[in-house]
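Engineer: sequence? don't have it. structure:
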């Protein structure tokens, strides 16, 4: 069998396995079972947090450490040198509405280097524009039919293959910039790819070198989002106070983890992030911690797998990940037909995170009912909607994020 044929066969078997898991998942609320969530405002020694300063100095660092040690892991400590090279630029992109810039970022460390290609669209005539940082799944050229966009190094898909997910015209016309990169540039999304990722820059050259709490793919992708922000903050026409990280699906998990750690991001958006993203882990609904660890062991730190047989023993849950974003705006979006991602579990997590937002005197969603499809539910710094349709990103989603950002990031 030819190599490409073998790869397609393996991919097909893998997707079939995921399909079987999804079909066998629980999709009935009556079978979710009872669970008790960790209290974001109670320390391990029983101290009740009632003031925002105590949250910031005591409880927030504790919860961040829990996620670093038990789920997403930490990036290794090493000095990485970043160099930027503009490889293409035009002030007549998107029918004359935008400046297009393509930047090659080279990261060096421990005698090795890796490159990442970033595609940026910026609205013309806007002196200080807010910006979305959002990684893509299939390569920069698949996000648009713009023939000048350079293909990413690992792409195997045709140009504009996922253009429907990228409302560039709406984003730019609304006065926002957007920066995207192929997440494979940072960590190829497959098992056994650590050696090809950015980890050798940190001196980690094999799985055997990982500690229980060393991050893997999601930690690396989040690191990549922050490196894009590093570059954007050097540009005079980017508003440093209105930077937004947004991601879909596994990259929604990435956006949440990135925003929880990197407080330079003024707003965080999770689109259909599901299990180990915005959805509560203790709910037995759709994708679960055991199933995600079986299917994607390269996403999380090794310690996370130890909880697969006893999810209730997790010392934290995903509402606390959302709470780490406080008091900055956070938006969680679900899709009605995306039961695998547990829309209700995502909403419940955002409600519970409201306890922390309340410390900052913001209204929360805690007394709100689960909304009808395509209904926006925005209170204080928290936004939610469940769009009709499937696991995807649509123009409805982008329009919602832009309007929410317009109101919250003034």
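Structural biologist: Nice, I can see it. This one's a predicted model, so the numbers in the text were calculated from it and none came from an experiment.
Engineer: Now do residue 238 against residue 173, distance only.
Structural biologist: 18 Å (CB to CB, to the nearest Å). Placement of C-beta: from N, CA and C, glycine included.
Engineer: With residue 357 as the reference, measure out to residue 276.
Structural biologist: Relative to residue 357, and taking CB to CB, residue 276 is found at 22 Å.
Engineer: Looking at residue 238 and residue 173, which is more packed in?
Structural biologist: residue 238 (22 against 14; other CB atoms under 10 Å).
Engineer: and that one, what is it in contact with?
Structural biologist: 122, 128, 129, 131, 177, 232 (CB atoms under 8 Å, 6 or more residues apart in numbering).
Engineer: In TSV, list those along with neighbour count and pLDDT.
Structural biologist: Output for the contacts of residue 238, formatted as TSV (neighbours: other CB atoms under 10 Å; pLDDT from 0 to 100):
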residue	neighbour count	pLDDT
122	24	98
128	12	97
129	20	98
131	27	98
177	26	98
232	22	98
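Engineer: what's the farthest-apart pair in the residues you listed?
Structural biologist: 128 and 232 (12.2 Å; CB to CB).
Engineer: how about residue 66, what does it touch?
Structural biologist: Here residue 66 is in contact with 315, 316, 320 (CB under 8 Å, 6+ apart).
Engineer: Now with 7 Å, please.
Structural biologist: 315, 316 (CB atoms under 7 Å, 6 or more residues apart in numbering).
Engineer: Over to residue 118?
Structural biologist: If you count contacts by CB under 7 Å, 6+ apart, residue 118 has them with 103, 105, 179, 181, 228.
Engineer: right, and the helix or strand after the helix or strand containing it?
Structural biologist: Residue 118 belongs to strand 112-123 when assigned by DSSP states H and E. Per DSSP H and E, the first helix or strand lying C-terminal to strand 112-123 is strand 129-133.
Engineer: May I see the buried residues of the following helix or strand past that next one?
Structural biologist: Downstream of strand 129-133, the first helix or strand assigned by DSSP H and E is helix 168-173. Going by neighbour count (16 or more other CB atoms under 10 Å), the buried part of helix 168-173 is 168, 171, 172.
Engineer: Can you give me the distance of residue 364 to residue 333?
Structural biologist: For residue 364 relative to residue 333 (CB to CB), the value is 17 Å.
Engineer: An error on my part: the question was meant for residue 127.
Structural biologist: Applying CB to CB to residue 127 and residue 333 gives a distance of 30 Å.
Engineer: neighbour count winner among the two?
Structural biologist: residue 333 (27 against 7).
Engineer: Could you list which residues are in contact with the closest residue to that one other than its chain neighbours?
Structural biologist: Leaving aside its sequence neighbours, residue 333 sits nearest to residue 271 (CB to CB, 6 or more residues apart in numbering; 4.9 Å). Residues in contact with residue 271 (CB under 7 Å, 6+ apart) are 246, 247, 248, 252, 333, 393, 397.
Engineer: Torsion angles phi and psi at residue 42?
Structural biologist: phi -130, psi 120 (degrees, to the nearest 10).
Engineer: what number of residues lie near the closest residue to it other than its chain neighbours?
Structural biologist: Spatial nearest neighbour of residue 42, excluding adjacent residues (CB to CB, 6+ apart): residue 48 at 5.9 Å. Using other CB under 10 Å, residue 48 is surrounded by 10 other residues.
Engineer: top of the contacts of residue 271 by neighbour count?
Structural biologist: residue 247 (30 neighbours).
Engineer: dump the residue contacts of it.
Structural biologist: 134, 135, 254, 255, 270, 271 are the contacts of residue 247 under CB under 7 Å, 6+ apart.
Engineer: Going by distance to residue 23, which of these wins?
Structural biologist: Distances from residue 23 to the contacts of residue 247, taken by CB to CB, are shortest for residue 271, at 23.7 Å.
Engineer: so where is this structure shaky, pLDDT-wise?
Structural biologist: 1-20 (pLDDT under 70).
Engineer: all strands in it, in order from the N-terminus.
Structural biologist: 81-93, 98-109, 112-123, 129-133, 177-181, 238-248, 267-271, 330-335, 377-379, 382-387 (DSSP state E).
Engineer: now for those, which one comes closest to residue 70?
Structural biologist: strand 267-271 (19.5 Å).
Engineer: Report the distance from that closest one to the chain centre.
Structural biologist: 7 Å (CA atoms, centre = their mean, to the nearest Å).
Engineer: swap in stretch 244-261?
Structural biologist: That offset, for stretch 244-261, works out to 2 Å (CA atoms, centre = their mean).
Engineer: Redo the contacts of residue 247 as TSV? Include distance to residue 95.
Structural biologist: As requested, the contacts of residue 247 are arranged in TSV below (distance: CB to CB, whole Å):
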residue	distance to residue 95
134	22
135	25
254	31
255	29
270	31
271	26
